[in-house]
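Colleague: Kindly return the folded structure for what I paste below:
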Amino acid sequence: MFSPWPLPMRKKLDSTTDGWLCGFAGVLIFSGSLPATRLAVLGLDPVFLTGARATIAGVLGVLLLLSLRAARPARAEVWPLIIVALGVVVGFPLLTALALQHVSSAHAIVFVGLLPLATAVFGVLRAGERPQPAFWIFSAAGSAAVVAFALRHGIDASPLGDALMLGAIIVCGLGYAEGARLSRRLGGWQVICWALVISLPVMAPLAWWLRPASFAAVGAASWWGFAYVSLFSMLIGFVFWYRGLALGGIAGVGQLQLLQPFFGFVLAALLLHETVPPAMIAVTAVVIACVAGARRFGRSTLASAVANRTGTQRV
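Modeller: Have a look, this model is predicted:
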């Protein structure tokens with residue numbers, strides 16, 4: 001069994017607390033994804049970036065699976081792994097990289113506020129979770145604030161960029177829910193590693209084919225962004241995130257993503273010197289308030305039972 005927490009700390013945590021802590025760690029890591037992607041696409045083609053980051057993370061995934069002697073997934077687990085790969089290895093990175101050619105990272109981060117709702121919906125459809133009715137009120141309120149902001153400040157600026165971000169949120173929500181469901185049987189870190197391995201035969205040739213003729217013009221900032229999305233966004237963050245969703249419940253822990261825009265705004269302002277309008281801060285304040293209410297009503301009976309069982313499995 002593999003866990004991101006050291007053994008002495010792990011013994012002190014019950015499965016629910018462990019799930020929320022892992023989920024929060026994942027959100028912190030993912031908060032840097034859009035600013036880092038924005039830096040990377042300043043000097044690298046977005047399609048090449050998608051293939052290259054998946055290839056690097058996939059090679060590391062192979063080494064991790066071999067070194068820890070992970071069991072191969074069963075035949076019934078292959079199709080869910082393909083869905084995970086299409087959602088979080090290919091779909092979200094590619095669509096966000098394309099979107100960030102049209103919108104700022106601070107603007108794109110606001111759309112991340114829709115991820116909790118998308119993840120919860122797919123948690124119901126794919127994992128059979130049943131949050132209480134009040135959960136949907138809080139979750140929808142947070143998402144509505146994000147959509148209202150986009151309609152007022154984003155659609156006129158770049159309809160294409162906003163459409164790409166909405167598509168990215170949908171496929172990412174599916175990949176999150178499917179990966180969390182599979183993590184209950186296969187294990188959290190194994191899911192992302194196997195999804196990356198499945199993607200390698202496509203992503204490695206794509207990266208090689210689309211590689212720039214010369215990397216001389218690629219600046220240091222782009223390389224730092226590329227390194228971050230390859231290591232943290234594509235692999236390390238998922239080790240924490242899938243474990244968190246599996247232990248704490250997809251709908252409940254998924255609401256932690258409402259905090260991601262706040263952290264992302266800070267990074268965008270510090271690293272990219274982007275202006276964060278007061279309206280963005282107001283939207284973030286609203287969705288952060290909604291996460292508290294959604295958290296209270298987000299844990300279904302099914303999720304509680306599963307979390308208790310997964311405490312002894314390979315999550």
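Colleague: Can you show me the helices along the stretch 151-300 of the chain?
Modeller: Under the criterion DSSP state H, counting those that start in this stretch, helices of the stretch 151-300 of the chain are mapped to 159-186, 188-209, 220-228, 237-248, 250-254, 260-272, 278-297.
Colleague: The fifth one: how far from the chain's middle?
Modeller: Just to be clear, that refers to helix 250-254. Distance of helix 250-254 from its chain centroid, counting by Cα atoms, centre = their mean, to the nearest Å, is 12 Å.
Colleague: And that helix, what's buried?
Modeller: 250, 251, 252, 253, 254 (16 or more other Cβ atoms under 10 Å). In short, each C-beta sits where N, CA and C put it, glycine included.
Colleague: that older thread, with mean pLDDT and distance to residue 77 as added columns, please give the helices of the stretch 151-300 of the chain in JSON lines.
Modeller: Formatted as JSON lines, the helices of the stretch 151-300 of the chain follow (pLDDT from 0 to 100; distance: least, Cβ to Cβ, whole Å):
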{"stretch": "helix 159-186", "mean pLDDT": "91", "distance to residue 77": "6"}
{"stretch": "helix 188-209", "mean pLDDT": "94", "distance to residue 77": "8"}
{"stretch": "helix 220-228", "mean pLDDT": "94", "distance to residue 77": "29"}
{"stretch": "helix 237-248", "mean pLDDT": "91", "distance to residue 77": "14"}
{"stretch": "helix 250-254", "mean pLDDT": "85", "distance to residue 77": "17"}
{"stretch": "helix 260-272", "mean pLDDT": "74", "distance to residue 77": "28"}
{"stretch": "helix 278-297", "mean pLDDT": "74", "distance to residue 77": "30"}
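Colleague: Out of the ones you listed, which one sits most buried?
Modeller: Of all those, helix 250-254 has the most neighbours on average by mean count of other Cβ atoms under 10 Å, namely a mean of 33.
Colleague: other SSEs contacting that one?
Modeller: Under the contact criterion of 3 or more Cβ pairs under 8 Å, 6 or more residues apart in numbering; DSSP states H and E, helix 250-254 touches helix 15-30, helix 115-127, helix 159-186, helix 237-248, helix 301-310.
Colleague: can you do 7 Å?
Modeller: Other helices and strands packing on helix 250-254, by 3 or more Cβ pairs under 7 Å, 6 or more residues apart in numbering; DSSP states H and E, are helix 15-30, helix 115-127, helix 159-186, helix 237-248.
Colleague: Residue 205: which of those helices is closest?
Modeller: helix 159-186 (21.7 Å; Cβ to Cβ).
Colleague: so the closest one versus helix 115-127, what angle?
Modeller: 50 degrees (axes from the mean of the first three to the mean of the last three Cα atoms, to 10 degrees).
Colleague: Tell me which of the helices of the stretch 151-300 of the chain lies nearest to residue 61.
Modeller: Here helix 188-209 is closest among those (Cβ to Cβ), at 3.7 Å.
Colleague: tell me what the closest one is packed against?
Modeller: helix 46-67, helix 75-84, helix 159-186, helix 237-248.
Colleague: Just put the helices of the stretch 151-300 of the chain in TSV and tack on distance to residue 17.
Modeller: Listed next are the helices of the stretch 151-300 of the chain as TSV, based on distance: least, Cβ to Cβ, whole Å:
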stretch	distance to residue 17
helix 159-186	17
helix 188-209	16
helix 220-228	28
helix 237-248	8
helix 250-254	11
helix 260-272	20
helix 278-297	13
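Colleague: mind checking which of the ones you listed is nearest residue 34?
Modeller: Using Cβ to Cβ as the measure, helix 260-272 is the one of those that comes nearest residue 34, at 5.8 Å.
Colleague: now for the closest one, which elements pack on it?
Modeller: Right, helix 260-272 is packed against helix 15-30, helix 33-40, helix 105-111, helix 278-297 by 3+ Cβ pairs under 7 Å, 6+ apart.
Colleague: Please point out which parts of the third one sit buried.
Modeller: Same thing as helix 105-111. Buried, per 16+ other Cβ under 10 Å, within helix 105-111: 105, 106, 107, 108, 109, 110, 111.
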